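> using only what follows, build the 3D model:
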Amino acid sequence: MKKRVVTISLGLSLLFAPLLLWGQGLGSATAPLKVGVVNFQGAIANTGEGRKAIADLQRKYQPRQQELQRQQQEIQNLQDQLQKQAATLSDDEQRRLSRELEDKQKVFKRATEDFNADVAVDRDDMFQRLSQKMVRVINEYASQNGYALVMDSSQTPIAFVAREVELSEELIKRYDAANPVDAATTPGAGPTTTPAARPAATPPKPAAPSKPADTPKR
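Residues are numbered from 1 along each chain as shown. Predicted coordinates:
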């Protein structure tokens, strides 16, 4: 089994430290510095390679996600049975169903933790690989166009960005030109600049344990 990492939630964990990319020339002391902004995570996710990699991970983990959903439904069915039939079930049957419910919940919890850990490892590996390519594209673009600083808006809170300094769309185009992907295998429409990438799949939430209603012993 793969080495455990911190269990992920539905949102993205921080994949990179706050990113500040410097251009090659800072200009003279009197000239204004040219600054750009890029949504680094969102830009990667909207490249052709990014969309294909995310779709590949979703396909890879879909069977496990479906199995988790099946286990969750079994747990829910047992909980419903214990609650609705509490008045008619014998004490022995209630104890048997309660033990079965507890066992299924333990299996589901372990499977969900394994799922989350494996998704996190593959997702982080994917972003690390693509981010190295994106950094090269940004550095080249900044050097060619005289940028002194390019900031990552996906890590650094920015209250306002003028359209002319938002570079995400242009950088996506340049990334795709440098790293072409077969259009027939690339899912989704044209790139957008705002959304950040999501985990490959979302596991169902663990069902809350429930106890059968107390009934008089027979």
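> contacts, neighbours, all on C-alpha from now
Fine.
> what are the phi and psi values for residue 126?
Summarising the backbone geometry of residue 126 under the convention degrees, to the nearest 10, its torsions are phi -60, psi -50.
> list the contacts of it.
When contacts are counted by Cα atoms under 8 Å, 6 or more residues apart in numbering, residue 126 is found next to residue 53.
> any idea how far it lies from residue 135?
Residue 126 sits 14 Å away from residue 135 when distances are taken as Cα to Cα, to the nearest Å.
> check residue 106 too.
Counting by Cα to Cα, the gap from residue 106 to residue 135 is 43 Å.
> then residue 46?
In this view, residue 46 and residue 135 are 15 Å apart by Cα to Cα.
> neighbour-wise, which of these two wins?
Here residue 46 and residue 135 are compared on neighbour count by other Cα atoms under 10 Å; more neighbours surround residue 46, at 27 against 16.
> wait, the more buried one touches residue 172, no?
Yes. Counting by Cα atoms under 8 Å, residue 46 does reach residue 172; the two are 7.1 Å apart.
> would you list every one of the helices in the chain?
Counting by DSSP state H, the chain has these helices, from start to end: 40-45, 48-84, 91-144, 168-178.
> go through the last one and flag the buried ones.
Residues of helix 168-178 classed as buried by neighbour count (16 or more other Cα atoms under 10 Å): 168-169, 171-176.
> shaky segments in this protein?
Low-confidence segments of the chain, defined by pLDDT under 70, are located at 1-31, 183-218.
> one more time with 90, if that's ok
Low-confidence regions of the chain, defined here as pLDDT under 90, cover residues 1-33, 86-87, 155-159, 161, 181-218.
> neighbours of residue 164, how many?
Using other Cα under 10 Å, residue 164 has 9 neighbouring residues.
> I should have written residue 180 there, sorry.
Other residues near residue 180 come to 12 when the count uses other Cα under 10 Å.
> tell me which residues touch it, please.
The contact partners of residue 180, by Cα under 8 Å, 6+ apart, come to 48-49.
> quick one, phi/psi of it?
phi -70, psi 140.
> with residue 147 instead?
In terms of degrees, to the nearest 10, the main-chain angles of residue 147 are phi -80, psi 130.
> quick check: chain neighbours aside, which residue is closest to it?
Sequence neighbours aside, residue 34 is the residue nearest to residue 147 in space, at 4.8 Å (criterion: Cα to Cα, 6 or more residues apart in numbering).
> okay, residue 153 and residue 39: tell me how far apart.
Taking Cα to Cα as the criterion, residue 153 is separated from residue 39 by 5 Å.
> wait, I meant residue 143
For residue 143 relative to residue 39 (Cα to Cα), the value is 19 Å.
> quick one, which of those two is more surrounded?
Ranked by neighbour count (other Cα under 10 Å), residue 143 and residue 39 place residue 39 first, with 23 against 17.
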